[in-house]
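Asker: starting from these lines, generate the structure:
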Amino acid sequence: MNIKLALLSFIVGFVLVNGLKFMFVSFGYKKLLTNNGKNGTPNTNFYKTAFKPTIIFQPFYYVFVWLICSYIYISKHGSANMYSDSLKTGILWVVLTILMEMVIWVIANHKMKLSWKEMYIYTQPWILLNYYAVFVSPLILSLMF
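Answerer: Take a look at the predicted model:
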């Protein structure tokens, strides 16, 4: 396992996925404000309301982004035992994703902050599908190489 390449691929994938998530929530927030005719300071409830419709689309762009990152990682990293390396990479990526998303979306104090229940209970089964996509994407591509 090439840890530097795995971490670089993770950082690229994580920034892309959470950038897309932030972008979709921001668009939903702006649409919600225009529909309700409110112009003013951001309201936390509006952000949470804008977050809810985006949840069902997250697994799709998680799969897309993480398959691209897995392709970059696997194509640059030649190994005799690619499946074992991909399994380790998938475990590393999913653990880092869970920890980083917990810090960014639950612990950090900002306008889009979610509670533990909103992040991990109310988003079921979508959040599990997101994490599953992160885990299996290197495994899927390892079978193709």
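Asker: okay, which residue is most central for this protein?
Answerer: Taking C-alpha atoms, centre = their mean as the criterion, Val17 is the residue nearest the geometric centre of the chain, at 4.5 Å.
Asker: how close does the closest residue in space to that residue that isn't next to it in sequence sit to Leu129?
Answerer: Take Val17 and drop its neighbours on the chain: the residue closest to it by C-beta to C-beta, 6 or more residues apart in numbering is Val65, 5.0 Å away. Heads up, the C-betas are built off the backbone N, CA and C, glycines and all. As for Val65, its distance to Leu129 is 14 Å (criterion: C-beta to C-beta, to the nearest Å).
Asker: swap in Leu92?
Answerer: Counting by C-beta to C-beta, the gap between Leu92 and Leu129 amounts to 19 Å.
Asker: which residues does the one helix or strand Val136 maps to contact?
Answerer: Secondary structure here is read from DSSP states H and E; on that basis Val136 sits in helix 126-144. The contact list for helix 126-144, computed with C-beta atoms under 8 Å, 6 or more residues apart in numbering, reads 13, 55-56, 58-59, 62-63, 66-67, 69-71, 73-74, 82-83, 85-87, 89-91, 93-94, 97-98, 119-120.
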